[in-house]
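Participant: Quick one: sequence and predicted model below, then my questions.
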Amino acid sequence: MGRFIRDYPTEFRLAIVLVALCVFLSLASDSFLTLGNLTSLLNNNSVNLIWAAGLLVVLIAGGIDISFAVAASVVQYVAVYVFSAIGGGNWAIGFLVAGGLGLALGFVNAALIHLFRITSIVVTIATFNAFFGLLMFITSGKYLYNLPDWWTGRVILFEQQAADGTWAELTLPVAVMAVALVATWVLIRYTTTGRQLYAFGDNPEGARRVGINIGRMQFIAFGWCGMMAGIAGLMQAHIVQEVVPNALIGRELDVLAAVVLGGARLGGGRGSVLGCVLGVLLVAVTQNGLNLLGISPFAFKMVVGAIILIAISTSNLKFGAIAGIGRGRH
Amino acid sequence: MRASIARLNRSLGSEVLGLFAFLLVVVIVFALATPQFLTLANFGSIAFQVPELGLLTLAMLMPIISGGFNLAIIYTANICGLTLAWVLFQFGGPDAPLWAFAVGGAAALAVGALAGCIMGLVVAYIGAHPILVSLAMMIFLRGLGEFLTRGSDISGFPAFLQPIGHGFILGIPIPLLIFAAAALIWHVLLSRTRHGFSVYMIGSNMKATGYSGIHTKRTLTLIYTLSGLMCAVAGILMLTRFNSVRVGHGEALLLVTVLACFLGGVDPFGGFGRVVPVVLALIILQVLSSGLNLLGANQHLSTAVWGLFLIAVMILRWVAGKVGTFNSGKG
């Protein structure tokens, strides 16, 4: 425990805040600590958490990705046409196609970053504009409703009826989210590649000199982020049962805020799956709590923003470090 | 000739000539593609469109040079516009007198400066990362604006505001004059003053700057305060241009301002970047957009082209860097 506090100070502090918030909400509202509410929290945040897992790897490797939410929209749209071209498909093909398309878009970012030595924020802001602009131009912003049945049919993994007759249920996106988080955790924690990602993010030049393949790191980090983006896109379309080309744009910054709140350092070398889950959940639980307390939905964002501001004002997420560390990556 | 080019590079930044060549190529291509391009009407519309994005880009520029970011610019501008609108409505809405505009404008500037100042204080004294601080401020201001307006449009302003957004002085659009003045102030501030020098030094190496006796915390606070002030100017201009205020207006411009800064050769990690090449980059973006528009494409294609253009420019800079080191290695 003592070691956990020392090694993960941000995560520890965040966990305390989250627990305190949950205790407060369960006292203030009857419906917070019910199975129905907790499962719907998980259902509603699975897409954000899948994205967060992908973004975390990029942040650890010292990069940043702005384009992932837009990439997810591109994947959704292309996937619809792929499925109709191959005559339907199923979940296995769906994951392969969405993950593969996302991976390809991530590789576009990685290739530009690595081959031409362009900084990741410049590349991903450029690809953000290019992906979104081309998507909207080619599709004219048209919505797609004719998704295959397997894609839109609800998959319930667990359900239970509460005493008052409401249903608590966990759906497919939660399982996918769990797999994505565990896979990311194993990747960054227990594989050589994962340890190399941390080393590369902390000190790229040092990592290069001990023989780490820099290009491989970029392709793994951005490929992973792209793959997660694609899978999150698949899940989001599954939940809302339609594909809207501009539905996901703008969510990248919310996810980024949550992941960085969870202790991933902008500039690389630090971050954990636990922290990124806590970061996303803190924002989600806050919104959920405001909703249950009957506060106007228009005020949600304001309170969330204020809470993030307060959270960072009381933590030790240092800025001075980034200027020196990022510099090595020209 | 060579000496004068070197002098130009020194005084305006080495990106200027390259960007100017780009601008020339873009103009020539569009002029050949469509006869409507080289017309007064087209350049008039460009002149009216550049300032809005331009003021916001200036607000983004100073934090980026200092090694940070200000992702809250759009919503700071919205909230400032909202402040002005609120004051105008306190004094009769469409019938508000001129002094109400003066009071409202001052209030808007104060609100912008305050939002920036809070960010600056958190960045400087807490040491939190500017991306995160400004992101939180952005979420907060967006929420505040949505809470206050319930997501609706606010319109119905005095007629005397119309000329600020649509009028001319000596044949030059007033928004363009405002932008030119703002860009000039920014240029002088960054290249001729103590504060400007400190901004570049902080962007290069904050620790060393602190040890050399510059009050880095005060400078950082001032950087974000000035950025907020510039957002307020943009917010006021947006109100007069569209004769309405809506929270979320100009949302799509946020990352375009960053794109314009990078296109103008600003170092994403801070320390380097000038106003003149960034202004040129803005003009290129707008010319691209209106040229494509005349050819029948929509704003979305322009967005895509902007992104691809940035990638192309970065690749060309990489090639130029390779060639440069190759030559200097030989000599």
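Facilitator: Here it is on my side, so go on.
Participant: Let me know the pLDDT of residue A:223.
Facilitator: Listed pLDDT for residue A:223 reads 96.
Participant: What is the burial count for residue B:151?
Facilitator: Residues near residue B:151, counting by other Cβ atoms under 10 Å in any protein chain shown, number 12. Just so you know, the C-beta spots here come from the backbone N, C-alpha and C atoms, and that holds for glycine as well.
Participant: for it, phi and psi?
Facilitator: phi 70, psi 10 (degrees, to the nearest 10).
Participant: Is it correct that it is in contact with residue B:245?
Facilitator: No: Residue B:151 is not in contact with residue B:245 according to Cβ atoms under 8 Å; the separation is 12.0 Å.
Participant: so where is chain A shaky, pLDDT-wise?
Facilitator: Applying pLDDT under 70 to chain A picks out residues A:1, A:314-330.
Participant: one more time with 80
Facilitator: Applying pLDDT under 80 to chain A picks out residues A:1-10, A:159-167, A:297, A:311-330.
Participant: cool, and the stretch 51-200 of chain B?
Facilitator: The model of the stretch 51-200 of chain B has pLDDT under 80 over residues B:92-96, B:151, B:159, B:163, B:165-167, B:171.
Participant: let's see 90
Facilitator: The model of the stretch 51-200 of chain B has pLDDT under 90 over residues B:67-69, B:88-101, B:122-133, B:135-136, B:139, B:142-143, B:145-175, B:196.
Participant: Next to chain A, which bits of it? Give me the list.
Facilitator: Taking Cβ under 8 Å from any Cβ of the partner chain as the contact definition, the stretch 51-200 of chain B meets chain A at B:67-68, B:71, B:122-123, B:126-133, B:135-144, B:146-147, B:150-151.
Participant: Just the buried ones from the residues you listed?
Facilitator: B:67-68, B:71, B:122-123, B:126-133, B:135-144, B:146-147 (16 or more other Cβ atoms under 10 Å in any protein chain shown).
Participant: So which of the residues of the stretch 51-200 of chain B next to chain A are in helices?
Facilitator: Among these, DSSP state H puts B:130-133, B:135-144, B:146-147 in helices.
Participant: Can you show me the strands along the chain?
Facilitator: As the question left the chain open, I've gone with chain A. For chain A, applying DSSP state E gives strands covering A:156-161, A:167-171.
Participant: other chain: chain B
Facilitator: With DSSP E, the ranges of strands along chain B come out as B:154-155, B:168-169, B:172-173, B:244-245.
Participant: Which other helices and strands does the first one contact?
Facilitator: Judged by 3 or more Cβ pairs under 8 Å, 6 or more residues apart in numbering or on different chains; DSSP states H and E, strand B:154-155 is in contact with helix B:73-90, strand B:244-245.
Participant: so how far is the longest one from its chain's centroid?
Facilitator: What separates the centre of helix B:73-90 from the centre of its chain is 18 Å, taken as Cα atoms, centre = their mean, to the nearest Å.
Participant: Please apply the same query to the shortest one.
Facilitator: Using Cα atoms, centre = their mean, the distance from the centre of strand B:244-245 to the centre of the chain it belongs to is 20 Å.
Participant: Identify the residues contacting it?
Facilitator: Identification of contacts with strand B:244-245 by Cβ atoms under 8 Å, 6 or more residues apart in numbering or on different chains yields B:78, B:81-82, B:84-85, B:149, B:153-155, B:238-239.
Participant: Neighbouring strands of it in the sheet, and parallel or not?
Facilitator: In the sheet, strand B:244-245 lines up against strand B:154-155 (antiparallel) (DSSP bridges).
Participant: roughly how far is the partner strand from the heart of the chain?
Facilitator: Centre-to-centre, strand B:154-155 and its host chain are 24 Å apart (Cα atoms, centre = their mean).
Participant: now do stretch B:216-226
Facilitator: 18 Å.
Participant: ok, and what's touching that stretch?
Facilitator: Applying Cβ under 8 Å, 6+ apart, the contact partners of stretch B:216-226 are B:62-63, B:66, B:68, B:70, B:113, B:116-117, B:119-121, B:123-125, B:130, B:189, B:195, B:198-199, B:202, B:206, B:209-210.
Participant: List buried residues within those.
Facilitator: Neighbour-count burial (16+ other Cβ under 10 Å) applied to the contacts of stretch B:216-226 gives B:62-63, B:66, B:68, B:70, B:113, B:116-117, B:119-121, B:123-124, B:130, B:189, B:195, B:198-199, B:202, B:206, B:209-210.
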